[in-house]
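1. Structure, please.
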Amino acid sequence: MTENELATIAVDISFKIHKTLGPGLLESVYEAAFAYELTKRGIAFTRQQGIVAYYEEEILDVGFRADIIMENKLIVELKSVERLEKVHHKTVLTYLRLAKMKLGLLINFNVELIKEGIHRKILGQLT
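-> Alright, predicted model coming up:
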């Protein structure tokens, strides 16, 4: 699957979860539901995958973790906050750069309409 096809699935899953659970829960609840939906659909993914950061040739021993990575092509960062800050957007772009991926979604479930909480982040050209 392409990054765009995976993103479409991620958006569909987000709509289903938000419709079922609503806003205001902990991020971990949305992450578990998201993982459940991916498993049901037979899509390969990892949860809380570490992202390696380098400084020059040195591997930095720090705890960057992407919430969900779908098929090693799409990073999905889940939030449940009153308001997304600029740093949340920048974090997804940094994760994309460090993981050498092109597309990410930043999804905030703490919104009245989930379409207002979904943000697409692109780093480089998509194929």
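
2. And the strands in this protein?
-> Assigned strands in the chain, in chain order: 45-50, 53-55, 58-60, 65-70, 74-79, 103-108, 118-122 (criterion: DSSP state E).

3. Make CSV from those strands and add mean neighbour count, distance to Thr8 and mean pLDDT to it.
-> C-betas here are computed from N, CA, C, even on glycine. Formatted as CSV, these follow (neighbours: other Cβ atoms under 10 Å; distance: least, Cβ to Cβ, whole Å; pLDDT from 0 to 100):
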stretch, mean neighbour count, distance to Thr8, mean pLDDT
strand 45-50, 15, 15, 91
strand 53-55, 11, 30, 80
strand 58-60, 9, 34, 80
strand 65-70, 21, 11, 94
strand 74-79, 24, 10, 97
strand 103-108, 24, 10, 98
strand 118-122, 16, 11, 97
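
4. For those, could you give me TSV that also reports distance to Glu27?
-> Supplementary listing: the strands of the chain in TSV, determined by distance: least, Cβ to Cβ, whole Å:
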stretch	distance to Glu27
strand 45-50	11
strand 53-55	22
strand 58-60	24
strand 65-70	8
strand 74-79	5
strand 103-108	9
strand 118-122	15
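
5. Please identify which of those is closest to Tyr30.
-> Closest to Tyr30 of these is strand 74-79 (Cβ to Cβ; 5.2 Å).

6. elements contacting that closest one?
-> With contacts defined as 3 or more Cβ pairs under 8 Å, 6 or more residues apart in numbering; DSSP states H and E, the packing partners of strand 74-79 are helix 3-21, helix 27-40, strand 65-70, helix 86-99, strand 103-108.

7. Recalculate using a threshold of 10 Å.
-> helix 3-21, helix 27-40, strand 45-50, strand 65-70, helix 86-99, strand 103-108, strand 118-122 (3 or more Cβ pairs under 10 Å, 6 or more residues apart in numbering; DSSP states H and E).
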